[in-house]
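Trainee: Sequence and computational prediction follow.
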Amino acid sequence: MRIGAHVDPADPLAEAAARGAEAVQFFLTDPQSSKTPEPREDVERLRASEVDIYIHAPYRINVASPNNRIRIPSRKLLLTHARAAAEVGAKGLIVHGGHVGGGADLADGFVSWRKVFEYAESEGGFPLPILIENTAGGDNACARRFDDVARLWDEVGRFGAGFCLDTCHAFAGGEDLVGIVDRVKAITGRIDLIHANDSKGGFDSGQDRHDNLGSGKIDPELVVAAIRASGAPAIVETPGGVEGQSADIALLRQRSGA
C-alpha cells in the first residue's frame with residue numbers, strides 16, 4: 001500500500017521526498033487550460049524513480065458534454081494527455097466523470113464515454129490505464145451517484161476502464177462511506193487509486209472542497225477503512241503544502257498499518 005500526495009509539477013520527486021511520499025500526482029499543464037503538454041526535461045528521472053507517478057487530466061476535459069465544441073476536443077485532449085503521461089512512466093491518468101448539463105439526457109453522456117474508448121482504439125489505444133474519478137457535484141453528472149456509475153460502467157467496463165475513488169467527492173456527493181469499497185467494486189470490479197481527502201462541505205452538499213484529514217466533516221477512520229479494504233494506493237489532495245500533506249500521509253500510514 002503506497003501513499004502519496006498531489007504536488008506541484010515543477011519538481012515532483014523533490015516534493016515527494018519532502019513529504020516522505022511513495023507516490024505523487026500532478027498536472028502536466030494548467031488544469032484550467034486545454035493546452036497540449038510540453039515534453040519534460042525530467043522524463044528519465046521520473047521513469048527511473050521508485051516513486052509511483054500518477055497524472056491528473058485537466059479539469060476542462062468533459063467528454064460527456066452534449067456540446068460538440070467541448071466533447072470532441074475533450075476526447076482528443078484526453079488521448080494527448082494519456083500519451084504524455086505514459087512518457088513520464090505514469091501508472092494511470094485520472095479524469096473526472098464529467099456531466100451533460102441541465103436539460104440533457106444523462107444516457108447520452110454514458111454513450112459519449114463509450115465513444116471515447118472507441119476513438120482511442122481507432123488511434124492505437126490508450127497507452128496506460130484511464131482512471132475515471134467520481135465527482136462531488138456537476139449538473140447532471142455521470143459519476144456522482146453510484147447508480148449512475150453503474151450505468152457508465154455498462155458502457156466503458158468492457159474497455160478496461162479504471163476507477164479512482166475520491167472520499168471527499170463521495171461524501172459530498174451523497175454516498176455513504178461505510179462499506180463504500182464493496183459497493184464500488186460490485187459496480188466496477190476494481191479500485192485503482194484512492195483520493196484520500198476530508199471534506200469542508202457537508203454530506204450530499206455537492207461541494208468539491210477538500211480538507212486535511214480530521215479537519216473536515218468526514219471521520220478519518222472511514223477514509224482509512226476505505227484504503228485498507230481496497231488495498232489501493234492513496235493520494236492526498238489536501239491543503240497545507242508540505243506540512244499539511246505530510247501530516248495527512250503520516251495519519252494514513254499510522255492508522256492503516258501501511
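Mentor: Perfect, thanks for sending it. Numbering: from 1, shown residues only.
Trainee: buried ones in the longest helix anywhere in the chain?
Mentor: Ranked by residue count, the top helix of the chain under DSSP state H comes out as helix 68-87. Within helix 68-87, the residues scored as buried using 16 or more other CB atoms under 10 Å are 70-71, 73-87. Quick note: C-beta positions are derived from backbone N, CA and C, even for glycine.
Trainee: Could you do stretch 143-157 as well?
Mentor: 143, 144, 145, 146, 148, 149, 151, 152, 153, 155, 156, 157.
Trainee: could I get the residues you listed as a markdown table with pLDDT, distance to residue 249 and secondary structure?
Mentor: Putting the buried residues of stretch 143-157 into a markdown table (pLDDT from 0 to 100; distance: CB to CB, whole Å; DSSP: H, G, I helix; E, B strand; the rest coil) gives the following:
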| residue | pLDDT | distance to residue 249 | secondary structure |
| --- | --- | --- | --- |
| 143 | 98 | 26 | coil |
| 144 | 97 | 27 | coil |
| 145 | 96 | 30 | coil |
| 146 | 97 | 27 | helix |
| 148 | 97 | 31 | helix |
| 149 | 98 | 28 | helix |
| 151 | 98 | 35 | helix |
| 152 | 98 | 31 | helix |
| 153 | 98 | 30 | helix |
| 155 | 98 | 35 | helix |
| 156 | 98 | 31 | helix |
| 157 | 97 | 32 | helix |
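Trainee: Which single one of those residues is nearest to residue 137?
Mentor: residue 144 (6.4 Å; CB to CB).
Trainee: so what's the closest one closest to, chain neighbours aside?
Mentor: Excluding its sequence neighbours, the residue lying closest to residue 144 (CB to CB, 6 or more residues apart in numbering) is residue 173, at 4.4 Å.
Trainee: Neighbours of that neighbour, how many?
Mentor: 26 (other CB atoms under 10 Å).
Trainee: what's the spacing between it and residue 149?
Mentor: 10 Å (CB to CB, to the nearest Å).
Trainee: which neighbours do those two share?
Mentor: Taking CB atoms under 8 Å, 6 or more residues apart in numbering as the criterion, residue 173 and residue 149 both touch residue 134.
Trainee: Give the residue spans of this structure that score low on pLDDT.
Mentor: Low-confidence segments of the chain, defined by pLDDT under 70: 258.
Trainee: Now with 50, please.
Mentor: For the chain, applying pLDDT under 50 flags no range at all.
Trainee: Now do the helices in this protein.
Mentor: With helices called from DSSP H, the chain shows them at 12-19, 43-48, 68-87, 106-122, 146-156, 167-172, 180-188, 220-230, 241-256.
Trainee: Could you single out the most deeply buried of those?
Mentor: helix 167-172 (a mean of 28; mean count of other CB atoms under 10 Å).
Trainee: Touching it from outside, list them.
Mentor: Outside helix 167-172, the residues that touch it by CB under 8 Å, 6+ apart are 133-137, 144, 177, 180, 194-199, 201-211, 216-218, 222-223, 226.
Trainee: Which of those residues are buried, as a ChimeraX select command?
Mentor: To isolate the buried ones among the contacts of helix 167-172 in ChimeraX, judged by 16+ other CB under 10 Å, type:
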select :133,134,135,136,137,144,177,180,194,195,196,197,198,199,201,205,206,207,208,209,210,211,216,217,218,222,223,226
